[in-house]
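A.B. asks: with the input below, show me the fold.
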Amino acid sequence: MKHAYIPRTTTYNLNPGEELNDLRMSDEVRPLYEHVKKFIRETVDPMSVEFMRLGEGKKDRWSFTPEQLAVLQKAKDKAKEEGLWNFFLPDHETGQGLKNLDYAYIAVELAKNPLASETMNCSAPDTGNMEVLERVGTKEQKEKWLKPLLAGEIRSAYAMTEPNVASSDAKNISTTAKLVGDEWVINGEKYYISGAGDPRCKIMIVMVKTNPDAPPSKQQSQILVPTDTPGVEILGPMHVFGHDHAPRGHMHLRFNNCRVPKENILLGEGRGFEISQVRLGPGRIHHCMRTIGKAEKALDLMVSRGLTREAFGKKIAHLGGNLQIIAQARCEIEAMRLMVLKAAKAMDVLGNKEARIWVSMVKAMVPERACKIIDQAIQMHGATGISQWSPLGEMYQDVRHLRFADGPDEVHWMVVGRHELSMP
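C.D. replies: Just a heads-up that it's a prediction; the model follows:
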């Protein structure tokens, strides 16, 4: 017996007249985009070389030398003077007022130098934390923490992931916060808390369980915890492929009867999941934007190596399947770019919540494909590719860990798959 095929109506159909498919950068942002590229080339690139040189031989790996901070501050001051500051914020008063789509183009360029984002105050996790504070923070919270973050005077961290539970399902979060009098008393353990080792990190947003008897989506809250609060214990750095990424690090923390004022709660008790939607949508998109920049850098290095080294009488680029590998890398990058641009546009047009399917698609797809491109670039460099003489090893570590950060691949594929199954 034959069954009639009934086509489904999906939200992904191409429609040439649909606003969601217009992925062009705004005309008014193009000069800013060119300005950013010029600033990275003329200011950030040479500063980065000097920054690394000034850190050589320092006694305390978990610090920056005064000379490093001075050269970085000089570049930050120049960026601020030239109006290259806080691109990621959509608000016109505190940021550039850029749409997600426009910022997508700029973020790709920022990723091509490890210090570019910080120089222009667009570094994670500060970006997500600032956006949360701007949207849901009280006047007092903004004055105390958002203001210095916007000025680039301090750094911050976001503490969610836990070692003893599968915290990719945030309902499993076990760190507790109990209201005792006028204070929240926090107990629990967190790990892979990026940036918490940085001596400039002064504030953390901590995901905690405040009411285990509430419905599952109302049990969690987010609380501001200054890093110098008694009871905040840094147990040590977590390593990524054997590297501790000092001095910023990904720290293992313990909260031992850590007390903060009840006013430090964000938005209100039981609204942790709600805040996550504010933070994680843009944050995930920003990661994907920057990852494309890293893939572009890897392809540039692959091509340069392939055309400057010879083996068996040929340029390496023409040996074996290398030419096809290079071609496929270009195709993959362009496919990733279009997907991320469309996800960014979906956030602009539909809003963060409705665009979550697009965000999950790119968050699962982009790090996986970028990892493959970086790995191929390493292979084309031979042993040099995994050495300190090449940035590729660190780039691979960074992108590979993104397949866990902000939710593992499997969670995002599950979100997209469930959406497909639910469609008519």
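
A.B. asks: any idea how far Phe404 is from Arg369?
C.D. replies: Arg369 sits 16 Å away from Phe404, taking Cβ to Cβ, to the nearest Å as the criterion. Where C-beta positions appear, they are placed from N, C-alpha and C, glycine not excepted.

A.B. asks: show me which of these two is the more surrounded one.
C.D. replies: Counted by other Cβ atoms under 10 Å, Arg369 and Phe404 do not tie: Arg369 has more neighbours, with 20 against 15.

A.B. asks: what strand or helix carries that one?
C.D. replies: In this assignment (DSSP states H and E), Arg369 forms part of helix 356-381.

A.B. asks: what helices and strands are in contact with the helix or strand following that helix?
C.D. replies: Using DSSP H and E, the helix or strand that follows helix 356-381 in sequence is helix 392-401. Using 3 or more Cβ pairs under 8 Å, 6 or more residues apart in numbering; DSSP states H and E, the elements in contact with helix 392-401 are helix 272-308, helix 356-381.

A.B. asks: for Asp398, which of these is the nearest?
C.D. replies: Nearest of those to Asp398, taken as Cβ to Cβ: helix 272-308 at 7.1 Å.

A.B. asks: now do the closest one against helix 356-381, angle only.
C.D. replies: Angle of helix 272-308 versus helix 356-381, following axes from the mean of the first three to the mean of the last three Cα atoms, to 10 degrees, is 30 degrees.

A.B. asks: same for helix 272-308, what does it pack against?
C.D. replies: Using 3+ Cβ pairs under 8 Å, 6+ apart, helix 272-308 is in contact with helix 100-110, helix 126-136, strand 201-209, strand 220-226, helix 322-350, helix 356-381, helix 392-401.

A.B. asks: what residues sit buried inside the helix or strand just after the fourth one?
C.D. replies: Read that as strand 220-226. On the C-terminal side of strand 220-226, the closest following helix or strand by DSSP H and E is strand 232-238. Of the residues in strand 232-238, Val232, Pro237, Met238 count as buried by neighbour count, 16 or more other Cβ atoms under 10 Å.

A.B. asks: now do the contacts for the nearest residue to the last one once chain neighbours are set aside.
C.D. replies: Ranked by Cβ to Cβ, 6 or more residues apart in numbering and with sequence neighbours excluded, the top spatial neighbour of Met238 is His250, at 4.7 Å. Shown here is His250, whose contacts under the criterion Cβ atoms under 8 Å, 6 or more residues apart in numbering are Tyr191, Tyr192, Ile193, Ser194, Ala196, Gly197, Pro237, Met238, Val240, Asp244.

A.B. asks: just flag the most distant two among those residues.
C.D. replies: Across the contacts of His250, the longest distance by Cβ to Cβ is 14.2 Å; it joins Ala196 and Val240.

A.B. asks: who's more crowded, these two?
C.D. replies: Comparing Ala196 with Val240 by other Cβ under 10 Å, the one with more neighbours is Ala196, at 25 against 18.
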